[in-house]
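Trainee: The following comprises the amino acid sequence and a computationally predicted model.
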Protein chains: 2
Amino acid sequence: MAMDGYRGFLALLVSALLVGFLSVIFTLIWVLHYREGLGWDGTGLEFNWHPVLLVTGFVFIQGIAIIVYRLPWTWKCSKLLMKSIHAGLNSVAAILAIIALVAVFDFHNAGNIPNMYSLHSWVGLTAVILYILQLLLGFFIFLLPVAPLSLRAILMPIHVYSGLLLFGTVIATTLMGLTEKLIFALKNPAYSSFPPEGIFTNTLGLLILVFGALIFWIVTRPQWKRPKEPNSILLQTNGGTAEGVEGSVAINAGNHTGKLDSELNTEVAARKRNFTLDDAGQRSTM
Amino acid sequence: MAMDGYRGFLALLVSALLVGFLSVIFTLIWVLHYREGLGWDGTGLEFNWHPVLLVTGFVFIQGIAIIVYRLPWTWKCSKLLMKSIHAGLNSVAAILAIIALVAVFDFHNAGNIPNMYSLHSWVGLTAVILYILQLLLGFFIFLLPVAPLSLRAILMPIHVYSGLLLFGTVIATTLMGLTEKLIFALKNPAYSSFPPEGIFTNTLGLLILVFGALIFWIVTRPQWKRPKEPNSILLQTNGGTAEGVEGSVAINAGNHTGKLDSELNTEVAARKRNFTLDDAGQRSTM
């Protein structure tokens, strides 16, 4: 597969995987070595599943789900397969996030700690609810072959925007959660006396932030985007047919061809091809 | 000025201004009504300048600086003027952020509270340092008319990416800061007992997040981008001259025309025009 800056892409991908994996390992070391460990008994052991599941699912797996279309060795795979992997990874992330919420609510209720009073909880619960909504909308509109083309074209830029916004919000929420837990848990020695656990968990926060930065870079490079199908390019150059499809015009008018809506152009062009060139089957859901 | 979805843009701009302004007002109400007020005496009154200056400068003014090129009524203004406004707003934000840091260090030192132990402080100080670096690089590379075209072309996507990443990081840091302060300050009644100040300041956190989301939407819509100059479009359609300029090829090869590097295409095309069509003067710094 031809790709501009393939080595640069690989270096960034390996860095993202490494930093993401390290974030998960750091979270495990944090709860197993510095905290009480893991369990499901209403104590701090159950709470500890909260950061473990969220960093694993909502940060690491969600991050990978975001860049899965950009792996050049998947460009020969069908779009349906890649959409299924994207949806599958996001579903795993959502399930882990829900279990993480159960863990913290259980822990609070068992210890008579109030729920939902902190900014962390407000933003976090909102993010989980919107993430599930995003997942359901994505499933019914982009994965199932039922939504009309015009609707897909209108909603694709919103889907991409919402996904990145939610990912960023999840990272911000994670940093708030680490801040809360360190202030609550580190009393003697206090967080402010630079105990090893404080330094270690601050470093975990930085790793999560760097992971987010790497994913954001990878997903916003136009040259690393899954390429348009050869047929769709043919269609476009032969009179710009893809531009004329309903729904595309309003969003992508003029001479501004943007990253976010070139996503929908691919979509539109490929669907157009399915109808025009009768090349359905493998790409029937595009 | 012609613009796709002008009413939508206006609605979002007004929303962003309103939510950003409301964030500043909420911060002022927080420190003046719920906290001790403002002063410069090493006490909590001096600390209170920290959130006021950061929400005003580092959140609100930085947000406006990010979208200033997208105001359609400025499209007839010279790019040099718009760059100066962009740089000026970011400079104001940086100065307010530095005063905000002085306020919190003064407050800590006067009260023998350790500095730089929290994740908030690690991420926040890093963000301020990188922001100043971004400002200096922006000034010398994009505003002063000395940097070679190829360097500008290579660095523009990095400048745009870094700017958005720093803006997101600043918002995450603000949310961590609110979390810290509420846990430290709300003891009797505790943060966990849903006191009015807790609810009020959580709402401030949500406002800041919504402001960030609005700015992120406005700045990533390709149809709301400052348009290319008519002459540069002419150049591009007449054989794609702008594509052939050194530095542009490597970054914007193939058929992927992306939002971030269409920024540099504008730049490249306009400079090209300055050389080719001898239309220098007003746009000499592009």
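Mentor: On my side now, so go ahead. Small disclaimer: the values here were computed from a predicted structure and weren't measured. Numbers count the residues shown, from 1 in each chain, chains lettered A, B, ... in the order given.
Trainee: and A:F167, what are its phi and psi?
Mentor: Main-chain torsions, A:F167, degrees, to the nearest 10: phi -60, psi -50.
Trainee: Low-confidence bits of chain A, can you list those?
Mentor: In the predicted model, chain A carries pLDDT under 70 at residues A:1-2, A:229-286.
Trainee: what are the ranges of the helices in it?
Mentor: Ranges of helices in chain A, per DSSP state H, are A:6-29, A:44-47, A:49-53, A:62-67, A:79-110, A:119-138, A:149-185, A:196-220, A:230-237, A:248-251, A:259-276.
Trainee: what sits against the spatially most central residue of chain A?
Mentor: Centroid-nearest residue in chain A: A:Q62, 3.4 Å away (criterion: CA atoms, centre = their mean). Applying CB atoms under 8 Å, 6 or more residues apart in numbering or on different chains, we find A:Q62 in contact with A:L89, A:N90, A:A93, A:F167, A:V170. (Glycine included, C-beta is placed from N, CA and C.)
Trainee: Check the gap between the closest residue to chain B within the stretch 101-250 of chain A and A:R70 for me.
Mentor: Minimum separation of the stretch 101-250 of chain A from chain B (CB to the nearest CB) falls at A:P222, amounting to 2.4 Å. Distance, A:P222 to A:R70, using CB to CB, to the nearest Å: 11 Å.
Trainee: Looking only at neighbour counts, state which of the two leads.
Mentor: Neighbour tally, A:P222 and A:R70, criterion other CB atoms under 10 Å in any protein chain shown: the higher count belongs to A:P222, 23 against 18.
Trainee: Give me the distance between the more buried one and A:M3.
Mentor: A:P222 is 12 Å from A:M3, by CB to CB.
Trainee: give me the number of residues near A:L12?
Mentor: Neighbour count of A:L12, defined by other CB under 10 Å: 19.
Trainee: Return the residues in contact with the nearest residue to it once chain neighbours are set aside.
Mentor: Distance criterion CB to CB, 6 or more residues apart in numbering or on different chains; nearest residue to A:L12, sequence neighbours excluded, is A:I218 at 5.5 Å. Applying CB under 8 Å, 6+ apart to A:I218 gives the contacts A:F9, A:L12, A:L13, A:A16, A:I67, A:R70, A:W224.
Trainee: Next, format the residues you listed as TSV and append distance to B:G57.
Mentor: Shown next, in TSV, are those (distance: CB to CB, whole Å):
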residue	distance to B:G57
A:F9	36
A:L12	32
A:L13	36
A:A16	32
A:I67	33
A:R70	35
A:W224	34
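Trainee: which two from these end up farthest apart in space?
Mentor: Spatially, the most separated pair among the contacts of A:I218 is A:A16 and A:W224, at 12.4 Å (CB to CB).
Trainee: coming back round to it: can I get the helices of chain A in CSV including distance to B:S84?
Mentor: Shown next, in CSV, are the helices of chain A (distance: least, CB to CB, whole Å):
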stretch, distance to B:S84
helix A:6-29, 33
helix A:44-47, 52
helix A:49-53, 45
helix A:62-67, 36
helix A:79-110, 43
helix A:119-138, 36
helix A:149-185, 30
helix A:196-220, 27
helix A:230-237, 39
helix A:248-251, 32
helix A:259-276, 27
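Trainee: of all those, which lies closest to B:G37?
Mentor: helix A:119-138 (22.6 Å).
Trainee: mind listing what's buried in the closest one?
Mentor: By neighbour count on 16 or more other CB atoms under 10 Å in any protein chain shown, the buried set for helix A:119-138 is A:119-124, A:127-128, A:131-132, A:134-135, A:138.
Trainee: likewise stretch A:37-45?
Mentor: Those would be A:L38, A:G44, A:L45, for stretch A:37-45 by 16+ other CB under 10 Å.
Trainee: that older thread, from the contacts of A:I218, which is closest to chain B?
Mentor: A:W224 (8.3 Å).
Trainee: The closest one contacts A:G5, doesn't it?
Mentor: Yes: here A:W224 reaches A:G5: they are 7.3 Å apart, a contact under CB atoms under 8 Å.
Trainee: who has more neighbours, the two?
Mentor: Comparing A:W224 with A:G5 by other CB under 10 Å, the one with more neighbours is A:W224, at 24 against 15.
Trainee: Roughly how far does the residue nearest to A:L54 when sequence neighbours are not counted sit from chain B?
Mentor: Nearest residue to A:L54, sequence neighbours excluded (CB to CB, 6+ apart): A:A100, at 4.8 Å. Distance check for A:A100 against chain B: by CB to the nearest CB, to the nearest Å, it reads 18 Å.
Trainee: Next up, the contacts around A:A100.
Mentor: Counting by CB under 8 Å, 6+ apart, A:A100 touches A:W49, A:H50, A:P51, A:V52, A:L53, A:L54, A:G57, A:F58.
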